[in-house]
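K.L.:
Quick one: sequence and predicted model below, then my questions.
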Amino acid sequence: MFDRKGLPQSVTVYEVGPRDGLQNESVFLSTHQKAALIRHLVDAGLPAIEVASFVRPDLVPALADGEKLLAELAPLLTKHRMSALVPNQKGLDRALKAGVREIAVFASATEAFAKANLHNSVAGSLENYTPVIKQARGAGLAVRGYISMCFGDPWEGNVAPKKVVDVAERLFADGITELSLGDTIGVATPGQVVDLLSELGARGIARSQLAVHFHDTYGQALSNTLTALQEGITTVDSSIGGLGGCPFAKSATGNLATEDLVWQLHGLGIVTGIDFQKLLNVSRWLRDETGLAIRSKTAIALMDGARKIDSGESNTEENNRMVER
């Protein structure tokens with residue numbers, strides 16, 4: 001029997017599909033489709049959603065419509081936790097004008113990725129973020145920090161936990177309210193997750209201040225997530241359908257799928273506040289409405305099962321229970 005000792009009673013699923021997921025897909029969604037996706041996710045019970053990005057439109061053209069999208073979502077911005085990624089002062093100005101109540105900033109643990117993604121050094125990019133974070137906090141906004149390449153880098157190889165913790169300390173000193181630890185190319189294993197969380201704890205950074213963000217390139221995302229939960233993490237990033245990757249790290253494949261994550265959490269008896277059937281309906285809508293490929297193994301299995309039941313090919317009691325969950 002699996003020992004549930006140490007697992008949290010509830011977990012916040014932080015949905016990154018509308019931003020991190022869509023930024024690297026070949027299919028571009030219209031502003032109306034993005035807004036519909038976000039409304040569907042809210043209706044399914046997702047408690048936190050990253051909805052937009054204010055990076056230069058020529059760098060990430062799939063997300064060039066941030067202002068238009070947030071204008072369409074305006075009634076939801078004060079009622080639900082929704083964030084937007086900002087890269088610099090100009091991005092913050094756009095986000096503030098658009099009415100967001102939470103922003104996110106993106107740092108790197110490695111010099112190679114900082115150069116590729118941020119066109120700066122690690123220290124230089126952090127220096128640029130300091131006034132952005134302080135101004136946002138002064139305006140009453142929450143600020144989420146991301147650190148990329150927390151476990152491995154395609155150019156530098158394995159990443160020492162100390163590099164990550166040094167960046168984390170600087171971001172918290174500047175005023176971020178939450179930090180997401182990114183396994184950008186999906187190479188982490190459970191032992192590395194324990195080692196990094198232990199190093200962060202030794203520096204006084206509490207588990208309650210942290211989230212984890214795993215990619216499934218090597219098939220380790222769910223095992224890494226379970227390890228993080230056992231270590232006291234209660235916020236997990238995921239992307240509907242397993243969408244995403246990273247346009248600046250070509251070896252990075254999709255994010256941990258929200259459907260797979262919620263299936264695991266509910267199977268462990270962990271409360272998420274998410275209606276799984278509605279979440280599965282979002283997957284089906286995303287596939288049918290936009291043509292995007294769904295990579296969630298759970299969603300694929302259950303949607304295939306639903307088609308078989310609908311066509312009369314299988315109507316066993318167990319299959320019906322599976323689809324209704």
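P.N.:
Right, received. Where do you want to start?

K.L.:
Asp3 - how many residues pack around it?
P.N.:
7 (other CB atoms under 10 Å). Using the backbone N, CA and C atoms, a C-beta is placed for each residue, glycine as well.

K.L.:
Which pLDDT value belongs to it?
P.N.:
Asp3 carries a pLDDT score of 73 in this model.

K.L.:
show me the contacts for it.
P.N.:
Residues counted as contacts of Asp3 (CB atoms under 8 Å, 6 or more residues apart in numbering): none.

K.L.:
Quick check: it vs Arg170, distance?
P.N.:
37 Å (CB to CB, to the nearest Å).

K.L.:
go on, Glu127?
P.N.:
For Glu127 relative to Arg170 (CB to CB), the value is 9 Å.

K.L.:
Neighbour count for those two, which is higher?
P.N.:
Neighbour tally, Glu127 and Arg170, criterion other CB under 10 Å: the higher count belongs to Arg170, 18 against 13.

K.L.:
Helix or strand for that one, just tell me which one.
P.N.:
Assessed by DSSP states H and E, Arg170 sits inside helix 161-174.

K.L.:
what comes into contact with that helix?
P.N.:
In contact with helix 161-174 (CB under 8 Å, 6+ apart) are residues 105, 107-110, 122, 126, 129-130, 133-134, 145, 147, 150, 179, 181, 195-196, 199-200, 203, 205, 209.

K.L.:
let's see 6 Å
P.N.:
By CB atoms under 6 Å, 6 or more residues apart in numbering, the list of residues contacting helix 161-174 from outside reads 107, 109, 126, 130, 133, 145, 147, 150, 179, 195-196, 199-200, 203, 205.

K.L.:
With stretch 203-210 instead?
P.N.:
Val165, Ala168, Leu179, Gly232, Ile233.

K.L.:
Which PyMOL command selects the buried ones in the contacts of helix 161-174?
P.N.:
Selecting only the buried entries of the contacts of helix 161-174 in PyMOL, with 16 or more other CB atoms under 10 Å as the criterion:
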select buried, resi 107+109+126+133+145+147+150+179+196+199+200+205
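
K.L.:
List the contacts of Asp237.
P.N.:
Asp237 neighbours (CB under 6 Å, 6+ apart): Tyr14, Val16, Ser180, Ala211, His213.

K.L.:
Can I take it that it is in a strand?
P.N.:
Yes. Counting by DSSP: H, G, I helix; E, B strand; the rest coil, Asp237 is found in a strand.

K.L.:
Which residue, neighbours along the chain excluded, lies closest to it?
P.N.:
Excluding the flanking residues, the one nearest Asp237 by CB to CB, 6 or more residues apart in numbering is His213, at 3.9 Å.

K.L.:
Distance check, that neighbour against Leu126.
P.N.:
Counting by CB to CB, the gap from His213 to Leu126 is 19 Å.

K.L.:
which stretches of the stretch 101-250 of the chain form strands?
P.N.:
102-108, 142-148, 152-153, 157-158, 178-183, 210-214, 235-238 (DSSP state E, counting those that start in this stretch).
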